[in-house]
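# What shape does this take:
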Amino acid sequence: MNQYYIYRLEHGLSAAEERAADQRIGELAAALADVRSAVAQSLCRGLGGLRALGSVSRPRKEASVAAGLAGR
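From the prediction side, this is the model:
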């Protein structure tokens, strides 16, 4: 391993390098939040809102009642 990298591992980052790393992490976190928001909005539009998402996973009561009456 290069002597410079060994020195960096032993002594850590300078204050300027830490600030730059913190800024990059903040920018990455903001970009990730934007992506999450865009995906959530896209899903809501595509499924007709959050209520539609719940009805996809659970059968509606009217449908189960109608199916029960049809079986008589």
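# Check which helices and strands the helix ranked longest in the chain sits against.
Secondary structure of the chain read by DSSP state H shows that its longest helix is helix 15-47. Helices and strands touching helix 15-47, as assessed by 3 or more Cβ pairs under 8 Å, 6 or more residues apart in numbering; DSSP states H and E, comprise helix 50-57. Where C-beta positions appear, they are placed from N, C-alpha and C, glycine not excepted.
# what's stretch 20-34 in contact with?
For stretch 20-34, contacts defined as Cβ atoms under 8 Å, 6 or more residues apart in numbering pick out Leu13.
# Check which residues of the longest helix of the chain are buried.
Within helix 15-47, no residue is scored as buried using 16 or more other Cβ atoms under 10 Å.
# what's the model's confidence in it, averaged?
What helix 15-47 shows for mean pLDDT is 90.
# May I have stretch 14-28 as PDB, with CA atoms only?
Coordinates of each C-alpha in stretch 14-28 appear next as PDB, following Å, rounded to 0.1, in the frame of the first residue of the first chain:
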ATOM      1  CA  SER A  14      -8.000  17.400   7.500                       C
ATOM      2  CA  ALA A  15     -10.800  19.800   8.500                       C
ATOM      3  CA  ALA A  16     -11.200  20.900   4.900                       C
ATOM      4  CA  GLU A  17     -11.400  17.300   3.700                       C
ATOM      5  CA  GLU A  18     -14.000  16.600   6.400                       C
ATOM      6  CA  ARG A  19     -16.100  19.600   5.300                       C
ATOM      7  CA  ALA A  20     -15.900  18.500   1.700                       C
ATOM      8  CA  ALA A  21     -17.000  15.000   2.600                       C
ATOM      9  CA  ASP A  22     -19.900  16.300   4.700                       C
ATOM     10  CA  GLN A  23     -21.000  18.500   1.800                       C
ATOM     11  CA  ARG A  24     -21.000  15.500  -0.600                       C
ATOM     12  CA  ILE A  25     -22.900  13.400   1.900                       C
ATOM     13  CA  GLY A  26     -25.500  16.200   2.300                       C
ATOM     14  CA  GLU A  27     -25.900  16.500  -1.500                       C
ATOM     15  CA  LEU A  28     -26.300  12.700  -1.800                       C
END
